[in-house]
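Engineer: This is a predicted model, with the sequence first.
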Amino acid sequence: MGSSRPIETTKRLPRLIRNQVIWSRIAKRIGRPVAWCTSGGPVELLLASGIVPFYPENHAAICSARGIAQGLAEKAEEDRFSHDLCSYFRIDYGSFTTGRTPLGGVLAPDLVLVSNNICGTVQNWFRVAADHFDVPFLFLDTPFSEEPCTENDVAYARDQLVHIARESARIAGRTFDEKRLVPWVERARDTVETWKEVMKTASAKPAPFTSFDAFVHMAPIVSMRGTRRALAYYRRLLAELRGRAKAGIAAVPNERARAVWDNIAIWPAHRELKKTFRDAGVALVADTYTGAWGGVRLDPTDPLTGLARAYCDVLLNHGVKRRTQELTGLVREYSADGFILHSNRSCKRYSLGQYAVRNTLSEATGVPGVIVEADMADPRSVSIDSIRQRLTPFFEMIGAHS
Amino acid sequence: MSRAVGLDIGSSATKAVLVEDGRPVRAVVLASMPDMHDAAVRAVAEVGGDGAPVLTTGYGRLLYEPRCGDVSEITALAAGIEAVLPGTATVIDIGGQDSKAVRVRAGRVADFAMNDRCAAGTGRFLEAMSRVLNVPLPEFDSVLASSPAAVPLSSTCTVFAETEVVGLLSRKTPVGSVLAGLFASVAGRVAGLARQVGPAAPIAATGGTMRCRSMVAALSAALGAPLVVPPDPQVVTALGAAILCERRSRA
Ligand code: SF4
């Protein structure tokens, strides 16, 4: 117990991602179209037509983790975009207008694919990008609702998916064939299921895996969902984590308390925060962010309807009630002693109503929660001292201390 | 006999309390600036804590060695208030650079909210205004006593409030009325913070700012509830740290 060798599979992650980047570049060079896609976009439709997806949100997170976010965001502000807009947008905008990126060159899109199931910001962001590169803008409108989506919503989304599938196939010089979609959807489903199992390993005590790991390991589920490589990667990770759970290898040595996280990671402070939790003996056992993909269910017998439902049903497309339910489930399932709500200056949809969530959640679960204010990517809105200022008393409250 | 020191290294004042067998025997308050570390060392010496274990808290808690540990102000405050006002359910503390509201259950933290982002609603705000008005802090109460009604201030931001105050003074608004307006502004901010934890009675108020009666009155009015202020409101957090320290060394 207590030992904390790093997770072996992690070593394979950089190469997996690097290969994906290299492969995208080669594909582009040999004439495959590239599509910029939102994290909640129906990527399977692109893959089925041989289109290479690229994820600007992911890219912005990488820029932030590599410490170049500020200059890029400032470029957007110089071009008169408000500082209050999502930092992923500002960073990405700064990158594609200046050509600065840690990935060795901007991968210019031939089309963009957007769904507003995560927020309204992406709609405008990708419009700006589509105008900048002068490429087609494909859009999936998913009605926001407090309740689970209705059959009407699903039918409405399905109609749009048919259009997106045909249009993107046309851009790729093909005709859309639903049969070709099936293997992609199947693998996407299997990958999502495997990822869910990966996250579930953290319910063991002590947890062999934390959300800090998940924040890193989620990259393939976002950007390579549906590929064989991603599936193989998660299967390997799952096998390793199950072994670690059985052997009692803890992600946080001397785990004293467990907590659940809400909202996107704080990339500029990722390392320091991971250390802060570790030093205090607090395992971050689950979160609503990396689980956002875990909730997607895909149906290969009727791929389009299955996709329509899955993409309407993502967490951010529902209100406070659903987020509270989700969190309540996580606190119970992972035996958490408390929860942390990251009030993310950038992401309004995700952060709205957190004070209400905090109270309802505490009442429902009987465990305390704390709100920390920061930003997922803009270092100017992140103060590690101020975050610790709140985390320390919270940790003391849930029975851990540094 | 067991002895322990609680050392609260705050942004404006450093407080040390010595306890012996659970009872406070001496308290010292020193200015933290210009050298926080030096202030901390002197505070421990002056309180007579040489050789006793020291548990630190406050903004500068990590800069004092040797310490037997450190603890957040929130946890220390909860332990301290239970010692001076047992049974307190909520404690509101206005410190030099932050303000906090803590729900307490038997000396332990049940919930808390803090403002550490904005000078409005902290001691800093009042210090800044003391400079603008040219009224030293200890004279606030007497200036207020002789004044007509408060003028409402629209700005909560320290910088904008300063501009507003200068404007009011130039229009010959009595200093006391401006001051009353400032207190109401701070009290309003802090009451908002306290509502986040759903303040339950009895409510105590601590922090150096609470030595000023007008502040207590303004806060009580803003909350619509009576407040209890312990005899030495500035050292409650340090006392809590001392008690926790003694408990830890016994364990
Ligand atoms: S972080 Fe929030 S606002 Fe920004 S793109 Fe994602 S969902 Fe939209």
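Structural biologist: Received it, and whenever you're ready, just let me know what you need. Keep in mind that what you see is a predicted model, and the values were worked out from it rather than measured.
Engineer: Tell me which stretches of the stretch 151-300 of chain A form helices.
Structural biologist: A:151-171, A:178-200, A:211-217, A:219-223, A:228-247, A:270-280 (DSSP state H, counting those that start in this stretch).
Engineer: what do you get for chain B?
Structural biologist: Per DSSP state H, chain B carries helices over the ranges B:36-46, B:73-84, B:123-133, B:140-145, B:158-170, B:175-196, B:213-223, B:236-250.
Engineer: Leaving out chain neighbours, which residue sits closest to whichever residue of chain B sits closest to chain A?
Structural biologist: With Cβ to the nearest Cβ as the measure, B:Ile74 is the residue of chain B nearest to chain A, at 3.5 Å. C-beta coordinates here come from the backbone N, C-alpha and C atoms, glycine included. Leaving aside its chain neighbours, B:Ile74 sits nearest to A:Pro393 (3.5 Å; criterion: Cβ to Cβ, 6 or more residues apart in numbering or on different chains).
Engineer: Check what pLDDT that neighbour gets.
Structural biologist: For A:Pro393, the model assigns a pLDDT of 94.
Engineer: follow-up on the earlier one: need the helices of the stretch 151-300 of chain A in JSON lines (columns: mean neighbour count and distance to A:Pro303).
Structural biologist: Putting the helices of the stretch 151-300 of chain A into JSON lines (neighbours: other Cβ atoms under 10 Å in any protein chain shown; distance: least, Cβ to Cβ, whole Å) gives the following:
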{"stretch": "helix A:151-171", "mean neighbour count": "17", "distance to A:Pro303": "9"}
{"stretch": "helix A:178-200", "mean neighbour count": "20", "distance to A:Pro303": "4"}
{"stretch": "helix A:211-217", "mean neighbour count": "23", "distance to A:Pro303": "26"}
{"stretch": "helix A:219-223", "mean neighbour count": "22", "distance to A:Pro303": "19"}
{"stretch": "helix A:228-247", "mean neighbour count": "18", "distance to A:Pro303": "17"}
{"stretch": "helix A:270-280", "mean neighbour count": "18", "distance to A:Pro303": "36"}
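Engineer: Could you export the helices of chain B as TSV, including mean neighbour count and mean pLDDT?
Structural biologist: Formatted as TSV, the helices of chain B follow (neighbours: other Cβ atoms under 10 Å in any protein chain shown; pLDDT from 0 to 100):
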stretch	mean neighbour count	mean pLDDT
helix B:36-46	18	95
helix B:73-84	27	96
helix B:123-133	20	85
helix B:140-145	17	84
helix B:158-170	15	83
helix B:175-196	22	90
helix B:213-223	20	93
helix B:236-250	26	94
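Engineer: so which of those gets nearest the ligand?
Structural biologist: helix B:175-196 (24.5 Å; Cβ to the nearest ligand atom).
Engineer: What residues does the stretch 1-150 of chain B have near chain A?
Structural biologist: Within the stretch 1-150 of chain B, the residues that sit near chain A (Cβ under 8 Å from any Cβ of the partner chain) are B:70-75, B:98, B:108-112, B:114, B:116-117.
Engineer: Which one of the helices of the stretch 151-300 of chain A lies nearest to A:Gly71?
Structural biologist: Closest of the helices of the stretch 151-300 of chain A to A:Gly71 is helix A:270-280, at 19.0 Å (criterion: Cβ to Cβ).
Engineer: any chance of the helices of the stretch 151-300 of chain A in TSV, plus mean pLDDT?
Structural biologist: Shown next, in TSV, are the helices of the stretch 151-300 of chain A (pLDDT from 0 to 100):
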stretch	mean pLDDT
helix A:151-171	96
helix A:178-200	91
helix A:211-217	95
helix A:219-223	88
helix A:228-247	96
helix A:270-280	96
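Engineer: Ok, which of those helices comes nearest the ligand?
Structural biologist: For the helices of the stretch 151-300 of chain A, the distance to the ligand is smallest for helix A:219-223, at 11.4 Å, taking Cβ to the nearest ligand atom.
Engineer: ok so, going back, in which helix or strand does the residue nearest to B:Ile74 reside?
Structural biologist: Counting by DSSP states H and E, the element that carries A:Pro393 is helix A:384-397.
Engineer: Point out the other helices and strands that that helix packs with.
Structural biologist: Secondary-structure packing of helix A:384-397 (3 or more Cβ pairs under 8 Å, 6 or more residues apart in numbering or on different chains; DSSP states H and E): helix A:270-280, strand A:338-344, strand A:369-374, helix B:73-84, strand B:108-115.
Engineer: In the stretch 1-150 of chain A, where is pLDDT below threshold?
Structural biologist: A:1-4 (pLDDT under 70).
Engineer: residue ranges of the strands in it, please?
Structural biologist: Counting by DSSP state E, counting those that start in this stretch, the stretch 1-150 of chain A has strands at residues A:34-37, A:52-54, A:111-115, A:137-140.
Engineer: follow-up on the earlier one: was I right to think the residue of chain B closest to chain A contacts B:Asp111?
Structural biologist: No: checked against Cβ atoms under 8 Å, the pair B:Ile74 and B:Asp111 is beyond contact range at 9.9 Å.
Engineer: Need the residues touching each of these two.
Structural biologist: Taking Cβ atoms under 8 Å, 6 or more residues apart in numbering or on different chains as the criterion, B:Ile74 and B:Asp111 both touch B:Val102.
Engineer: returning to what we had before: now the helices of the stretch 151-300 of chain A in TSV, with distance to A:Pro379?
Structural biologist: Converted to TSV, these look like this (distance: least, Cβ to Cβ, whole Å):
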stretch	distance to A:Pro379
helix A:151-171	36
helix A:178-200	28
helix A:211-217	17
helix A:219-223	21
helix A:228-247	30
helix A:270-280	11
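Engineer: still on that earlier bit, can you lay out the helices and strands packed on helix A:384-397 as TSV showing distance to A:Ala61?
Structural biologist: TSV is the format used below for the helices and strands packed on helix A:384-397 (distance: least, Cβ to Cβ, whole Å):
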stretch	distance to A:Ala61
helix A:270-280	10
strand A:338-344	12
strand A:369-374	14
helix B:73-84	32
strand B:108-115	29
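Engineer: on that earlier part again, my read: the residue nearest to B:Ile74 touches B:Phe112, true?
Structural biologist: Yes: the pair A:Pro393 and B:Phe112 passes the contact test of Cβ under 8 Å, sitting 5.9 Å apart.
Engineer: Overlap in contacts, these two.
Structural biologist: In contact with both A:Pro393 and B:Phe112: B:Ile74, using Cβ under 8 Å, 6+ apart.
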